[in-house]
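Got a sequence here, can you model it:
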Amino acid sequence: MPHINKLIDYTVCAYIVFKGKVLMIHHKALNKWLPIGGHIELDEDPEEGLIREIFEESGLDVEILSSKPQIDQEGTKFLYTPNFLDIHDIDSIHKHIGFVYFCKAKTNKVKLAKKEHNQIRWFTEDDLDEEEFKISDAINFYAKKALRLG
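Numbering: from 1, shown residues only. I've put the predicted structure just below:
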């Protein structure tokens, strides 16, 4: 999805774990390893965007490792709390506010979103530190936190 706003857009990302590994994609346009994620569309809340992005980019069904009130309140929808929030540069003008979620997959069988990604793979904690993958410090931090929680 293209940018909605000139200066800042809202995004979601999912660090999905399964049996001691975390799922990452190699993004074609950005040419780097990232978690599953993308823009929150104008008609979505963060939770809806998260579930949509996970399904579109991996085909997985996940458990969100967070909490929300279990209250039925007319006119109020409670949302899962992100594990982290950040704001990061996309270019010299544009930024993304990222809602960072940790999730647990119910299976390790994934599908590649060929239009967006070169690869999709499960990383061990040791893989995250391998020089060949050039994973940024922030992504490495989040991925290791997710592995410890999941």
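
Which parts of this structure are helices?
46-58, 125-128, 137-149 (DSSP state H).

Need the contact partners of the second one.
Counting contacts by CB atoms under 8 Å, 6 or more residues apart in numbering, the residues outside helix 125-128 that touch it are Gly20, Val22, Phe133, Ile135, Asn140, Ala143, Lys144, Leu147. For the C-beta atoms, the positions are set from N, CA and C on the backbone; glycine is no exception.

Swap in 6 Å and give it another go.
Helix 125-128 has contacts (CB atoms under 6 Å, 6 or more residues apart in numbering) with Ile135, Asn140, Ala143, Leu147.

who's the closest residue to Ile25 other than its chain neighbours bridged to?
Of all residues not flanking Ile25 in the chain, His117 sits nearest, at 4.4 Å (CB to CB, 6 or more residues apart in numbering). The partner list for His117 in beta bridges (DSSP bridges) reads His27.

Now do the residue lying closest to Ile40 once chain neighbours are set aside against Gly20, distance only.
Of all residues not flanking Ile40 in the chain, Gly49 sits nearest, at 3.9 Å (CB to CB, 6+ apart). Going from Gly49 to Gly20 by CB to CB, to the nearest Å gives 27 Å.

Kindly report the same for Cys13.
Separation of Cys13 from Gly20 (CB to CB): 20 Å.

Who has more neighbours out of those two?
Neighbours per residue, other CB atoms under 10 Å: of Cys13 and Gly20, the larger number sits with Cys13, 23 against 10.

Could you check the pLDDT of that one?
Looking at Cys13, its pLDDT reads 98.

just Arg121 next, same as before
pLDDT, Arg121: 97.

quick revisit: how many neighbours does the residue nearest to Ile25 have?
19.

Next: Phe55.
By the criterion of other CB under 10 Å, Phe55 has 14 neighbours.

Need the winner for burial among the helices of the chain.
With neighbours taken as mean count of other CB atoms under 10 Å, the helices of the chain reach their highest mean count in helix 46-58, at a mean of 20.

Would you check that Ile54 makes contact with Ala14?
Yes - contact criterion CB atoms under 6 Å: Ile54 and Ala14 qualify, at 5.2 Å.
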